[in-house]
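S.K.: I would like the atomic coordinates for the input below:
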Amino acid sequence: MDSLTQIILGAAVAEAVGGRKMGNKAALWGAIAGTLPDLDVFLMQFYHPIDAALMHRGFSHSILFAIIMGPILGWLIHRLYKKRYDQKTWMWLFFLSIITHPMLDIFTNYGTEFLWPFSTRITFNTVFVIDPLYTVPFMICLLVALFMKRENPKRKKWNMFGIYYSSAYLMWGVIVKLFILSNSTGYFANNGLKTSNPMVTPMPLTSFYWMVLTEDDHNYYIGYKSIFYGFNLSDVDTIQKYKATLKNLKWSGKNYSSQLEFISNGYYTTETIGDTINYYDLRFGVTSKLSNGVFTKPLMGYGMVVDNGIVQKTIPYRPSQMLKHLNFTSYLHKIFSND
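M.R.: Below is the predicted model:
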């Protein structure tokens, strides 16, 4: 999730652990602890772009990291405050504030290597990385609590309501996804398309509108399902499969073909533009609904610059014209209405 959401979660968890004893200091340290796992982004610049994608949300987002850092930070901060507060409370505060960060990230599309050193990336794909309906009510509950005196019993109630709300919202996303997933191939079959291997993930900023990605032997099909109206085949984006290009690539150094397959879970295609081969990770969808159909390009991937048949350079791919064509009003309307 985004940094603001992780700060709020870390602060709320820490408030629940130590707010009664420590006041707002607990929430402050919880907010700091809640951002620690994402410090791995500063290391990404020292890695090859593909290695960096695999490193992100790795060790720092594991239960092992929380088990190590919780006691260490608890011990250090216990001494910083000259043992004024119980060391065990500090340890639990840091452990829970850190561990809830990757637990929340598991619900997103990218997932985490929660069981590192095992490389399996756990993802539920049930909440978008920025979701105001998750973050804003949670933040309001936390702020109301923090403006109350720590002895006030309503302070705990407000903070816990925010935690309960955030947990319920995550469960709501799981339920909606399972419902859509159970009908996913049927949406296409009812319109004459026989597809398989469906993937369902929320669209940007909402749990009301979902992307349904599926495939046949020749194409990927990206459909869209709102909870407010039925599936519409006219909304489907069709993307041709070009996988042989990636499998036949030659590299000047380490061969990253298998890593690219792993990153995308096999949902990818390629396109050759001049001396660059674009690899598109289709798990993140395309831009059509964000631009009212004016601009249709995959959202994520890599561009591999080829010289004499060998990849010499790899750069992250992002559709450069996306912001120019962004139509938020149209997108918002599409969430609630198919008119």
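S.K.: can you tell me which residues contact Tyr187?
M.R.: Contacts for Tyr187 were tallied using Cβ atoms under 8 Å, 6 or more residues apart in numbering; they are 212, 223, 225, 231. C-beta here means a position set from N, CA and C on the backbone, and glycine is covered the same way.
S.K.: so can I have a markdown table of those showing neighbour count and secondary structure?
M.R.: Output for the contacts of Tyr187, formatted as a markdown table (neighbours: other Cβ atoms under 10 Å; DSSP: H, G, I helix; E, B strand; the rest coil):
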| residue | neighbour count | secondary structure |
| --- | --- | --- |
| Val212 | 23 | strand |
| Gly223 | 24 | strand |
| Lys225 | 23 | strand |
| Phe231 | 20 | coil |
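S.K.: just curious, which of the residues you listed is nearest to Pro198?
M.R.: If you rank the contacts of Tyr187 by distance to Pro198 using Cβ to Cβ, Val212 comes first, at 6.3 Å.
S.K.: these two touch, right, the closest one and Ile222?
M.R.: Yes. The criterion here is Cβ atoms under 8 Å, and Val212 meets it with Ile222 at 7.3 Å.
S.K.: export the contacts of Tyr187 to TSV and tack on pLDDT and distance to Arg121?
M.R.: Putting those into TSV (pLDDT from 0 to 100; distance: Cβ to Cβ, whole Å) gives the following:
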residue	pLDDT	distance to Arg121
Val212	97	21
Gly223	95	25
Lys225	96	25
Phe231	92	29
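S.K.: Quickly name whichever of those residues is closest to Ile335.
M.R.: Lys225 (10.9 Å).
S.K.: so what's the residue nearest to that closest one when sequence neighbours are not counted up against?
M.R.: Counting by Cβ to Cβ, 6 or more residues apart in numbering, Trp210 is the residue found nearest to Lys225 once chain neighbours are left out, at 4.9 Å. Residues near Trp210 by Cβ under 8 Å, 6+ apart: 176-177, 180, 200-203, 224-226.
S.K.: Tell me who's in contact with Leu96.
M.R.: By Cβ under 8 Å, 6+ apart, Leu96 lies in contact with 13-14, 17, 70.
S.K.: any idea which helix or strand carries Ala31?
M.R.: Using DSSP states H and E, Ala31 falls within helix 24-35.
S.K.: Pull the helix or strand following that helix out as CSV, backbone CA atoms only.
M.R.: Where DSSP H and E defines the elements, the next helix or strand beyond helix 24-35 is helix 49-55. Taking C-alpha atoms only, helix 49-55 is exported to CSV below (Å, rounded to 0.1, in the frame of the first residue of the first chain):
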residue,chain,number,x,y,z
PRO,A,49,15.8,-3.1,-12.8
ILE,A,50,14.5,-6.7,-13.0
ASP,A,51,16.5,-7.7,-9.9
ALA,A,52,15.2,-4.7,-8.1
ALA,A,53,11.6,-5.7,-8.8
LEU,A,54,12.3,-9.1,-7.3
MET,A,55,14.2,-7.6,-4.3
